[in-house]
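Undergrad: Have a look at this prediction, sequence included:
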Amino acid sequence: MAACLWGGPGAVASHRSAAALWNLAGFPAGAVEITSPKNAGGLPPTVVVHRLQPEREGVTSEAGIPVTNPLFTLMELGRVAPVKWVEIALDDALLRGQASLRGLGWVLENFGGRGRRGTRVLRDLLKARGYGYAPAESRLEVKFRKLLAGSGLPKPCEQHEIRRNDRFVARVDFAYPDQRLVLETDAYMCHSARSDWQHDRWRDNTLVAMKWRVLRFTWDDVTRRPEWVLEQIHLALGSPEACRPRRGCPISTSAAGGRGATMEP
């Protein structure tokens, strides 16, 4: 707020500061960044100032601070942040309903060419997301999706709903319904409460009783043991690929159905 006041009439929190105010994933509080129509001289060097007239349609307030709205914030992040972080923030905003593909397309069409650098990042990210795109619910799901995409495994259903006697039982991250196989990603931040942990155990037991099989993978599994993760899925699907030796795979080739399996803790 102090930086906006110093920036003069029309100055707003923007870019990384705006992303932090909207609690977008990957952008914690810390950076002080504003957009101002005036040359805001005299500010500390830790404050980043973008000399531009903020668009009236893109300005709102959060916690009493004038700030670019989530749509404009996502459009402008490409100027100051790596593509992978903009992608994470984009999926987070889509998931929480702070932005929509249609709304972002409208902002780019109407304001993306008015002296704003970095807008191509958002254009490319939207182009990669077709009509009906559903964002993953966590950074771990994004990494897991990319791991599966390059694995040669059949594409699973995402955010698959399972019902029993027409009553809702669970919505799982990934599933192979024909094989009754569920793949879940366990991000600690989403399961840190005891009640969440208890609910997951109840749900898994219910699915097993319904003859579904459940495989759970953590952040360390996906990022540090990706070959092991793929091996488990191949084994569960009964794929011949699971019997082929893989360099660095922490499960022995004899684990396809017999004794002698060795697994990393």
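TA: Now that the structure is in, tell me what you want to look at.

Undergrad: residues contacting residue 77?
TA: 15-16, 19, 27, 85-86, 89, 118, 121-122 (Cβ atoms under 8 Å, 6 or more residues apart in numbering). The way it works is simple: take the backbone N, C-alpha and C, and place the C-beta from them, glycine included.

Undergrad: Return the member of these nearest to residue 41.
TA: residue 15 (19.4 Å; Cβ to Cβ).

Undergrad: per-residue confidence at the residue lying closest to residue 237 once chain neighbours are set aside?
TA: Leaving aside its sequence neighbours, residue 237 sits nearest to residue 179 (Cβ to Cβ, 6 or more residues apart in numbering; 5.9 Å). As predicted, residue 179 sits at a pLDDT of 95.

Undergrad: Need phi/psi at residue 179.
TA: Backbone geometry at residue 179, expressed as degrees, to the nearest 10, gives phi -100, psi 0.

Undergrad: Roughly how far does it sit from residue 28?
TA: Distance from residue 179 to residue 28, counting by Cβ to Cβ, to the nearest Å: 40 Å.

Undergrad: Comparing the two, which residue is more hemmed in?
TA: residue 179 (14 against 11; other Cβ atoms under 10 Å).

Undergrad: Output the contacts of residue 77 in TSV, with secondary structure, pLDDT and neighbour count appended to each entry.
TA: Shown next, in TSV, are the contacts of residue 77 (DSSP: H, G, I helix; E, B strand; the rest coil; pLDDT from 0 to 100; neighbours: other Cβ atoms under 10 Å):
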residue	secondary structure	pLDDT	neighbour count
15	helix	96	24
16	helix	96	25
19	helix	95	32
27	coil	89	24
85	helix	89	18
86	helix	93	26
89	helix	89	26
118	coil	85	16
121	helix	94	21
122	helix	95	24
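
Undergrad: which one among those residues gets closest to residue 231?
TA: Nearest to residue 231 among the contacts of residue 77 is residue 85, at 30.6 Å by Cβ to Cβ.

Undergrad: Enumerate every residue touching the residue nearest to the closest one when sequence neighbours are not counted.
TA: In space, not counting the residues next to it along the chain, residue 85 is nearest to residue 26; the distance is 4.6 Å by Cβ to Cβ, 6+ apart. Taking Cβ under 8 Å, 6+ apart as the criterion, residue 26 is in contact with 19, 81, 85, 88-89, 92, 139.

Undergrad: pretty sure the residue nearest to residue 237 contacts residue 236?
TA: Yes. In this structure residue 179 lies within contact range of residue 236 using Cβ atoms under 8 Å: 7.4 Å.

Undergrad: does residue 171 count as helix, strand or coil?
TA: strand (DSSP: H, G, I helix; E, B strand; the rest coil).

Undergrad: From residue 214, how far off is the residue nearest to residue 237?
TA: 12 Å.

Undergrad: hey, C-alpha coordinates of stretch 221-232 in CSV?
TA: In CSV, the C-alpha atoms belonging to stretch 221-232 read as follows (Å, rounded to 0.1, in the frame of the first residue of the first chain):
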residue,chain,number,x,y,z
ASP,A,221,7.9,-40.7,-5.7
VAL,A,222,7.1,-38.6,-8.8
THR,A,223,10.2,-36.3,-8.7
ARG,A,224,12.9,-38.7,-7.4
ARG,A,225,11.6,-42.2,-8.5
PRO,A,226,9.7,-41.6,-11.7
GLU,A,227,10.8,-45.0,-13.2
TRP,A,228,9.6,-46.8,-10.1
VAL,A,229,6.2,-45.0,-10.4
LEU,A,230,5.8,-46.1,-14.0
GLU,A,231,6.9,-49.6,-13.1
GLN,A,232,4.1,-49.9,-10.5
